[in-house]
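Engineer: I would like the atomic coordinates for the input below:
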Amino acid sequence: MQSTDFVLLEEDHSVLTELLDRLRGEANAKLSFLLDRNGQQLARSGELDGVDPTSLASLAAGNVAATDGLAKLIGEAEFSILFHEGESDHLHITLVNPKAILVVRFDEHSSLGLVRLRVKQAISGLEERMQVVMTRSTDGGVGGSDVSPFAEITDDDIDALFN
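Structural biologist: Next up, the predicted model:
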């Protein structure tokens, strides 16, 4: 199994957050949330409204993993879009690429059609930035196999953090 580890730089996070802000606004959504396949939050836009982000990310990643099993069971490579309809809030979950998942939370102020359209438009920008991140990581840049993202952290930095 290929590792999904990579390192987001501050610039990457800013670009991803801007893309999620635009998506959330254009889709009239409450929240847009990007996570990796391990369930780690990468970036988000909007309010969680009392939802624990760690639980949301973990459960969404687990949902995608379970759905991958269902897809393979019936002979499909994957199901790239998942939709959960609630009484008042809904979740649209999309695979951005093999390593990232996009979750959009919306309510009656939007529609599934609008969310699907805006997600489709936003995916290319998200894929592009994630490709930059993954290429940097596999080329031995920050987060690559030869360079630890913690290499520049000193004992003094750690002491300052905990004091």
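Engineer: helices or strands up against the longest helix along the chain?
Structural biologist: Determined from DSSP state H, the single longest helix within the chain is helix 112-138. Helix 112-138 sits against helix 10-27, strand 81-85, strand 90-97, strand 100-106, with contacts defined as 3 or more C-beta pairs under 8 Å, 6 or more residues apart in numbering; DSSP states H and E. Quick note: C-beta positions are derived from backbone N, CA and C, even for glycine.
Engineer: pull the distance from it to the chain's centre.
Structural biologist: Distance of helix 112-138 from the chain centroid (C-alpha atoms, centre = their mean, to the nearest Å) equals 9 Å.
Engineer: buried residues of that helix, list them for me.
Structural biologist: 115-116, 118-119, 122-123, 125-126, 129-130, 133-134, 136-137 (16 or more other C-beta atoms under 10 Å).
Engineer: what do you get for stretch 45-53?
Structural biologist: Neighbour counts over stretch 45-53 (16+ other C-beta under 10 Å) mark Ser45, Gly46 as buried.
Engineer: quick revisit: now the helices and strands packed on helix 112-138 in JSON lines, with mean neighbour count?
Structural biologist: Formatted as JSON lines, those follow (neighbours: other C-beta atoms under 10 Å):
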{"stretch": "helix 10-27", "mean neighbour count": "18"}
{"stretch": "strand 81-85", "mean neighbour count": "13"}
{"stretch": "strand 90-97", "mean neighbour count": "20"}
{"stretch": "strand 100-106", "mean neighbour count": "24"}
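Engineer: let me have those in CSV, extended by mean pLDDT and distance to Asp52.
Structural biologist: Formatted as CSV, these follow (pLDDT from 0 to 100; distance: least, C-beta to C-beta, whole Å):
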stretch, mean pLDDT, distance to Asp52
helix 10-27, 96, 19
strand 81-85, 95, 17
strand 90-97, 95, 15
strand 100-106, 96, 13
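Engineer: mind putting these in TSV, distance to Val64 included?
Structural biologist: Formatted as TSV, those follow (distance: least, C-beta to C-beta, whole Å):
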stretch	distance to Val64
helix 10-27	18
strand 81-85	7
strand 90-97	7
strand 100-106	6
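Engineer: of the ones you listed, which is nearest Ala43?
Structural biologist: helix 10-27 (3.9 Å; C-beta to C-beta).
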